[in-house]
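Engineer: only the shape, not the letters, is given here:
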């Protein structure tokens, strides 16, 4: 299989933010063409979709046929036999919603892990810091079938040490004995914290504020993700979120990221200048909702994401249910190459989805 995936191997081997537009277009475009042919040959439903669209080989990144992300709720899409499934991921959803089911083989899971490692260490460094997980331990009990939350937590745990969970299983309340012990042991030292956006705000930062507790973790990094719908409803901006995170816990460096379980490994991290970055192995395209043509810088449309990672299922080119706008390419003040963009919110009338938007007290 590696001989048939030479471009994919090359783009995955490159540092995450080193490819300029020309080199990325060449390598990633070829990798996506390889994956399109691979999935057409190994996933009959995907081959049928391509045939209905007229077939043909993609010429460039923007030409790769895309699937609506909601299709993974309707169909079992995989390019591997059932006995090769190493792990099954499910999207988080509100009660009554059908979750997406994403099937990983070992090769895809390993590629995801390597890509996440390269991106995360680019932002937090290679030293493993004491880690505060802003969730409860029940989320990761089943190691064979994960919710998006559980998968995200386990993925990030690799980059920390001396892990503790900040919340209780029973009521999502602060686990004050564990937090206090952790704070005393690591006071004045930089730590690494991870959680999903709404849960970090409601169950950790707001709870600390109500209790009058301030933690002393200067120079620390908080990475969070999962959607802003509920925070927007509560009129909490990204700037306010960061301000409270600094005031209550000393989190100097707060990075949101955009990603979804339906395209495992596509992590678009927010840099210190507030831009979401596409790594070398993935890209973002903004499409006009009227004719689906790609839009230019500053034009609002529907977000399409592509990735060279998904080998076990045809998730390499997906049309999301989110609105966004491109903010630049190879020109961010942080020095990272690649496209940058902002997420503007959900498409009107699209179902609510995402780890933090759909949380209930006992959900895992």
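Structural biologist: Noted; the coordinates are in hand. None of these values were measured; they are calculated from a predicted model.

Engineer: identify each buried residue in stretch 154-168, please.
Structural biologist: For stretch 154-168, burial by neighbour count (16 or more other Cβ atoms under 10 Å) applies to 155, 156, 159, 160, 163, 164, 165, 166, 167, 168. C-betas here are computed from N, CA, C, even on glycine.

Engineer: residues contacting the first one?
Structural biologist: In this case it means residue 155. By Cβ atoms under 8 Å, 6 or more residues apart in numbering, the contact set of residue 155 is 112, 113, 116.

Engineer: list only buried entries from those.
Structural biologist: 112, 116.

Engineer: out of the contacts of residue 155, who's nearest residue 151?
Structural biologist: residue 112 (9.2 Å; Cβ to Cβ).

Engineer: now distance to residue 173 too, for the contacts of residue 155, in a markdown table please.
Structural biologist: Shown next, in a markdown table, are the contacts of residue 155 (distance: Cβ to Cβ, whole Å):
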| residue | distance to residue 173 |
| --- | --- |
| 112 | 32 |
| 113 | 32 |
| 116 | 30 |
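
Engineer: that older thread, so which of the buried residues of stretch 154-168 are in strands?
Structural biologist: 160, 163, 164, 165 (DSSP state E).

Engineer: need the contact list for the third one.
Structural biologist: I take that to be residue 164. 131, 132, 133, 175, 178, 179, 181, 182.

Engineer: that's a strand at residue 138, yeah?
Structural biologist: No. The assignment for residue 138, made by DSSP: H, G, I helix; E, B strand; the rest coil, is helix rather than a strand.

Engineer: count residues in the vicinity of it, would you?
Structural biologist: Using other Cβ atoms under 10 Å, residue 138 has 16 neighbouring residues.

Engineer: same deal with residue 256?
Structural biologist: Residues lying near residue 256 (other Cβ under 10 Å) number 20.

Engineer: in contact with the nearest residue to it once chain neighbours are set aside, which residues?
Structural biologist: Counting by Cβ to Cβ, 6 or more residues apart in numbering, residue 256 lies nearest to residue 270, which is 4.5 Å off, once chain neighbours are set aside. For residue 270, the contact set (Cβ under 8 Å, 6+ apart) comprises 255, 256, 257, 258, 276, 277.

Engineer: and residue 197, how far from residue 241?
Structural biologist: Distance, residue 197 to residue 241, using Cβ to Cβ, to the nearest Å: 8 Å.

Engineer: how far out from the middle of the chain is the strand ranked longest in the chain?
Structural biologist: Taking DSSP E as the criterion, the chain has its longest strand at strand 317-329. Chain-centre distance of strand 317-329: 13 Å, with Cα atoms, centre = their mean, to the nearest Å.

Engineer: same question for stretch 110-126.
Structural biologist: 12 Å.

Engineer: can you list contacts of that stretch?
Structural biologist: So stretch 110-126 is contacted by 12, 15-17, 104, 155-156, 158-159, 192, 221, 223, 253, 255, 264-265, 267, 269, 271, 279, 281, 309, 311, 336 (Cβ under 8 Å, 6+ apart).

Engineer: check which residues of that stretch are buried.
Structural biologist: So, applying 16+ other Cβ under 10 Å, buried residues of stretch 110-126: 111, 112, 115, 116, 118, 119, 120, 122, 123, 124.

Engineer: count of residues packed around residue 10?
Structural biologist: Neighbour tally, residue 10, other Cβ under 10 Å: 17.

Engineer: contacting residues around the closest residue to it other than its chain neighbours?
Structural biologist: Nearest residue to residue 10 in three dimensions, chain neighbours excluded: residue 27, at 5.5 Å (Cβ to Cβ, 6+ apart). Neighbour list for residue 27: 7, 10, 11, 14, 19, 280 [criterion: Cβ under 8 Å, 6+ apart].

Engineer: the fifth one and residue 338 touch, don't they?
Structural biologist: When you say that, I think you mean residue 19. Yes. In terms of Cβ atoms under 8 Å, residue 19 counts as a neighbour of residue 338; the distance is 7.1 Å.

Engineer: would you list the phi and psi of the nearest residue to residue 74 once chain neighbours are set aside?
Structural biologist: Closest residue to residue 74 in three dimensions, ignoring its sequence neighbours and counting by Cβ to Cβ, 6+ apart: residue 98, at 7.7 Å. With angles defined as degrees, to the nearest 10, residue 98 sits at phi -80, psi 120.

Engineer: could you do residue 298 as well?
Structural biologist: The phi/psi pair for residue 298 (degrees, to the nearest 10) is phi 80, psi 0.

Engineer: who's in contact with it?
Structural biologist: Applying Cβ under 8 Å, 6+ apart, the residues near residue 298 are 325, 326, 327.

Engineer: and if you look at residue 288?
Structural biologist: Shown in contact with residue 288 (Cβ under 8 Å, 6+ apart): 294, 295, 299, 301, 302.

Engineer: can you tell me how far it is from residue 116?
Structural biologist: Taking Cβ to Cβ, one finds residue 288 at 31 Å from residue 116.

Engineer: also residue 81?
Structural biologist: 26 Å.

Engineer: do the same with residue 209
Structural biologist: Distance check for residue 209 against residue 116: by Cβ to Cβ, it reads 31 Å.

Engineer: about what we covered before: measure the residue nearest to residue 10 to residue 101 for me?
Structural biologist: 30 Å.

Engineer: check residue 132 too.
Structural biologist: 31 Å.

Engineer: same question for residue 88.
Structural biologist: Plainly put, residue 88 is 6 Å away from residue 101 if you go by Cβ to Cβ.

Engineer: quick check: the residue nearest to residue 74 vs residue 91, distance?
Structural biologist: 9 Å.

Engineer: and for residue 275?
Structural biologist: 26 Å.

Engineer: appreciated, that's everything.
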